[in-house]
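In: sequence and computational prediction follow.
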Amino acid sequence: MVQRVHPPRDGGFVLPLSITGALVLLLSSLSLQTLVLHTRRVQASERTRLRADDRLASAAHRVAAAFQGRFACLQAVPLAAWRVGALPTSCPGDLDPRPLQRLSIDGQVVQLAAWEPQQGGGALRLQQAVGGLTRRYWLGASGVKELG
């Protein structure tokens with residue numbers, strides 16, 4: 001009779017080893033997939049935030065341009081005093097400040113939340129109607145600067 005090298009109780013180590021290896025590969029691939037999905041979500045969120053920042057900066061530039069044109073008479077007047085019919089006498093009689101208070105940028109509404117004229121310029125606060133993101137800007141002789 002031929003003797004076995006391994007007793008029967010030690011047999012069958014290949015199947016558990018292959019199952020363990022397959023489970024390790026499965027878990028590592030799931031971890032990689034989760035990481036990729038999370039990275040995509042973070043990147044999409046960052047793109048959304050950057051677009052919102054860009055809309056607010058565009059609105060600040062539009063307000064600065066308006067202060068150089070038809071709405072120049074409002075540059076020295078705080079936002080709280082911008083009422084139709086009660087504008088300074090330097091403003092045209094038919095001037096309506098409401099379009100400057102509610103701008104449409106890239107299909108989104110940006111509201112002029114505050115305008116405080118100061119020596120050499122003024123502080124501007126803009127807010128997105130959807131999402132409520134707010135930024136402050138300084139409008140001066142050197143242009144538009146974001147304050148935060």
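Out: Yep, that arrived.

In: mind checking the longest helix of the chain?
Out: Taking DSSP state H as the criterion, the chain has its longest helix at helix 14-68.

In: next SSE downstream of it?
Out: helix 98-101 (DSSP states H and E).

In: can you show me the CA trace of the helix or strand just after that following helix as PDB?
Out: Of the helices and strands lying after helix 98-101 in sequence (DSSP H and E), the nearest is strand 102-105. In PDB, the C-alpha atoms belonging to strand 102-105 read as follows (Å, rounded to 0.1, in the frame of the first residue of the first chain):
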ATOM      1  CA  ARG A 102     -31.400  92.200  -9.100                       C
ATOM      2  CA  LEU A 103     -29.000  91.100 -11.900                       C
ATOM      3  CA  SER A 104     -29.300  88.000 -14.100                       C
ATOM      4  CA  ILE A 105     -25.900  86.400 -14.700                       C
END
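
In: elements contacting strand 102-105?
Out: Judged by 3 or more CB pairs under 8 Å, 6 or more residues apart in numbering; DSSP states H and E, strand 102-105 is in contact with helix 14-68, strand 108-118. Where you see a C-beta, it was placed from the backbone N, CA and C, and this is true even at glycine.

In: most tightly packed of the ones you listed?
Out: Of all those, strand 108-118 has the most neighbours on average by mean count of other CB atoms under 10 Å, namely a mean of 17.

In: residue ranges in this structure under the pLDDT threshold?
Out: For the chain, residues meeting the criterion pLDDT under 70 lie at 1-11.

In: any idea how far V77 is from the one residue sitting closest to the centre of it?
Out: Centroid check for the chain by CA atoms, centre = their mean gives R49 as the closest residue, at 1.9 Å. Per CB to CB, to the nearest Å, R49 is found 32 Å from V77.
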